[in-house]
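Chemist: Sequence plus predicted model, see below.
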Amino acid sequence: MSGDAAPLALPLSRLSTGACEATTLYRELRKPLLRYLVCLGLSSDEAQDVVQDAFLSLHRHLASGGSQENIRGWLFRVAHNQARNRQNRYDRNFSAASDSEMDGVSHEATPERAVLEKEKFQQLGKAIRLLTVSERECLLLRASGLRYREIGEVLGIATSTVNDTVDRAIKKLAEKCNV
Amino acid sequence: MCEFSGKLIAWLDCELPAEEAAEVERHLESCAECRSCVEAYNRVSGEFDAYCDAAMASSAGRGAPRWAQVAAAAGAVAALVVLFFAMPRTRVEPPAFHAQQAEVAASPAIVAAAAPASVSPTIQRVHRRQAIAPVQIQDANATPAQNQNAYLPPDGPMIQIAIPADEMFPPGAVPEGIHFVADLTIAADGSAARLRLRPRLTSFERRTTQP
């Protein structure tokens, strides 16, 4: 794979300006965004579309002189709103990753360990589905590395509410999973 | 119920002011119950992360609908024909590519990026942002093989061709700063096995918000 640095027959010289910065941003945030959207219930393809749209929106936002503060929170907010616009599918929430389809167990694990991991995921999955939508969203954004203030901005709630919601959700999961 | 129980998760997430965080730390030294709670919260947070990773892996593993696969295949063939006629020369990777890719995949940086969040029983007060895969900055002096994208399909040698959007779409149809990358996989018999077009951002014209 030659990447962007490959010598090409096509005129690419004008594309190189600032490419590293944009690429770095894209690489840093693409995976957390995809994971967040998939866990909200979007399919992999839908999540890819939403992430691409979010970065296009960011491009337009910056090109039009928009604020450069908290780009991470901005991208998550745009992606979150786009996911909400796909309301029908968004309603699936964690059911998209139902236990029967969950094949995220390490392939290198022994059969016994794989069974245990699967059982653990099933138990956790049940506990997650018992959380409220707000609790799930807060935990997902927290798992994506957002600060409470940023989570509040994405979801349109106060930071203190995020604090209480995360606290409640983690305690619920710990109780249900007997951790 | 301990009076600090409502602050433990915020402390774990590095969300408390320094003064309150110091109070919690002093308390944890003397309260075994709270230490146990913090360990449990840390563990469940790690398991939640692992669950999300598994959900994403599971989602990626589910194939597209049959009609979509057929349409994609037809589109890929058409794009391939256009590319072969449109491009006067292409760049083929050397045969050593596979070995280099395996070496990159086994490097400590990649292994660390793929590892799940720590679920160590000891209290590790690290904000989740720091547990996220480190950003791989492209080194302009690095060889192409060293600049591999971790999320690119691992199977088979591949040629990557960057295509300006203007080459494929009418002027103005695609926003400025977008180009496309074609991932072309060549089968053992030399035929084109797979082609995937991916839109990519190439630059931001950042303007200062101050006059």
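Modeler: Now that the structure is in, tell me what you want to look at.
Chemist: residues near whichever residue of chain B sits closest to chain A, how many?
Modeler: Ranking the residues of chain B by distance to chain A (C-beta to the nearest C-beta) places residue B:54 first, at 2.3 Å. Just so you know, the C-beta spots here come from the backbone N, C-alpha and C atoms, and that holds for glycine as well. Number of residues near residue B:54 (other C-beta atoms under 10 Å in any protein chain shown) recorded here: 22.
Chemist: so it is in which element?
Modeler: Using DSSP states H and E, residue B:54 falls within helix B:32-61.
Chemist: one step back: any idea of the pLDDT on the residue of chain B closest to chain A?
Modeler: Looking at residue B:54, its pLDDT stands at 85.
Chemist: quick one: it from residue B:186, how far?
Modeler: 33 Å (C-beta to C-beta, to the nearest Å).
Chemist: One more: residue A:135?
Modeler: For residue A:135, the distance to residue B:186 - C-beta to C-beta - is 48 Å.
Chemist: which residues of the chain score low on pLDDT?
Modeler: Unless you meant another one, I'm taking chain A. A:1-22, A:87-109, A:179 (pLDDT under 70).
Chemist: I was thinking of chain B, sorry if that wasn't clear
Modeler: Within chain B, the ranges that satisfy pLDDT under 70 run B:60-167, B:176-177, B:179, B:201-211.
Chemist: make it 50
Modeler: B:64-65, B:90, B:92-121, B:133-154, B:204-207, B:210-211 (pLDDT under 50).
Chemist: Residue B:180: which element?
Modeler: Using DSSP H and E, residue B:180 sits in strand B:178-186.
Chemist: That strand: which residues count as buried?
Modeler: B:178-184, B:186 (16 or more other C-beta atoms under 10 Å in any protein chain shown).
Chemist: got it, and stretch A:43-63?
Modeler: By 16+ other C-beta under 10 Å, the buried positions in stretch A:43-63 come out as A:43-44, A:46-48, A:50-52, A:54-59, A:61-63.
Chemist: Equivalent analysis for stretch A:171-179, please.
Modeler: Neighbour-count burial for stretch A:171-179 flags A:171-174, A:176-177, A:179 (criterion: 16+ other C-beta under 10 Å).
Chemist: got TSV for the residues you listed, with secondary structure and distance to residue A:29 too?
Modeler: What follows is the buried residues of stretch A:171-179, written out as TSV (DSSP: H, G, I helix; E, B strand; the rest coil; distance: C-beta to C-beta, whole Å):
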residue	secondary structure	distance to residue A:29
A:171	helix	29
A:172	helix	28
A:173	helix	26
A:174	helix	29
A:176	helix	31
A:177	coil	29
A:179	coil	30
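Chemist: Redo these as a markdown table? Include distance to residue A:151.
Modeler: Listed next are the buried residues of stretch A:171-179 as a markdown table, based on distance: C-beta to C-beta, whole Å:
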| residue | distance to residue A:151 |
| --- | --- |
| A:171 | 17 |
| A:172 | 17 |
| A:173 | 17 |
| A:174 | 20 |
| A:176 | 22 |
| A:177 | 22 |
| A:179 | 22 |
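Chemist: Next one: residue B:1 from residue B:34, what distance?
Modeler: Per C-beta to C-beta, residue B:1 is found 10 Å from residue B:34.
Chemist: swap that for residue A:138, sorry
Modeler: Counting by C-beta to C-beta, the gap from residue A:138 to residue B:34 is 22 Å.
Chemist: now do residue A:83
Modeler: Taking C-beta to C-beta, one finds residue A:83 at 37 Å from residue B:34.
Chemist: ditto for residue A:48
Modeler: In this view, residue A:48 and residue B:34 are 43 Å apart by C-beta to C-beta.
Chemist: Many thanks, have a good one.
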